[in-house]
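Asker: no sequence for this one, just the structure:
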């Protein structure tokens, strides 16, 4: 299936798999009725744990993007409802926030300090339309 996964991104592999499959469906590279690789074969191809792919498929199945049919395989369903994509997006954003908070805690930041940094970053993003560079003085 040749999904591009970044093992150093900090984004959980299962969420990257979910997003890559969603992107392929949106780009019409996967169409309704197309069969996905088995959990085991995709795990071998990506060199990740079987449970990682199973979790990604479970999320996609719960949101109606794919359908797993016992003994037959896993298939892309007809056009998933927009709320399914939004549910996946919200879950990914929540996971991203949790990881950021955990990293800040490990660095010894207080909630107030980290909140101020987040506010500053959001303000910069809103003003410039891009993220600030931590290596620059602005």
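Answerer: In hand now; what should we look at? From a predicted model like this one, the values you see are computed outputs, not experimental measurements.

Asker: Which neighbouring elements make contact with the lowest-mean-pLDDT helix or strand in the chain?
Answerer: Least confident helix or strand, the chain: helix 82-106 with a mean of 80, by mean pLDDT, DSSP states H and E. Packing contacts for helix 82-106, counted by 3 or more C-beta pairs under 8 Å, 6 or more residues apart in numbering; DSSP states H and E, involve helix 13-26, helix 50-62. Every residue, glycine included, has its C-beta placed from N, CA and C.

Asker: which residues sit against that helix?
Answerer: Under the contact criterion C-beta atoms under 8 Å, 6 or more residues apart in numbering, helix 82-106 has outside partners 10-12, 15, 18-19, 22, 59-60, 63-65, 114.

Asker: rewinding a little: ranking the helices and strands packed on helix 82-106 by mean pLDDT, which is last?
Answerer: Mean pLDDT across the helices and strands packed on helix 82-106 is lowest at helix 13-26; the value there is a mean of 90.

Asker: Note down every partner strand of the following helix or strand past that helix and its orientation.
Answerer: Downstream of helix 13-26, the first helix or strand assigned by DSSP states H and E is strand 35-36. Using DSSP bridges, strand 35-36 pairs in its sheet with strand 73-76 (antiparallel).

Asker: circling back: same list, the helices and strands packed on helix 82-106, but as TSV with distance to residue 37 and mean neighbour count please.
Answerer: Below are the helices and strands packed on helix 82-106 laid out as TSV (distance: least, C-beta to C-beta, whole Å; neighbours: other C-beta atoms under 10 Å):
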stretch	distance to residue 37	mean neighbour count
helix 13-26	10	19
helix 50-62	9	19
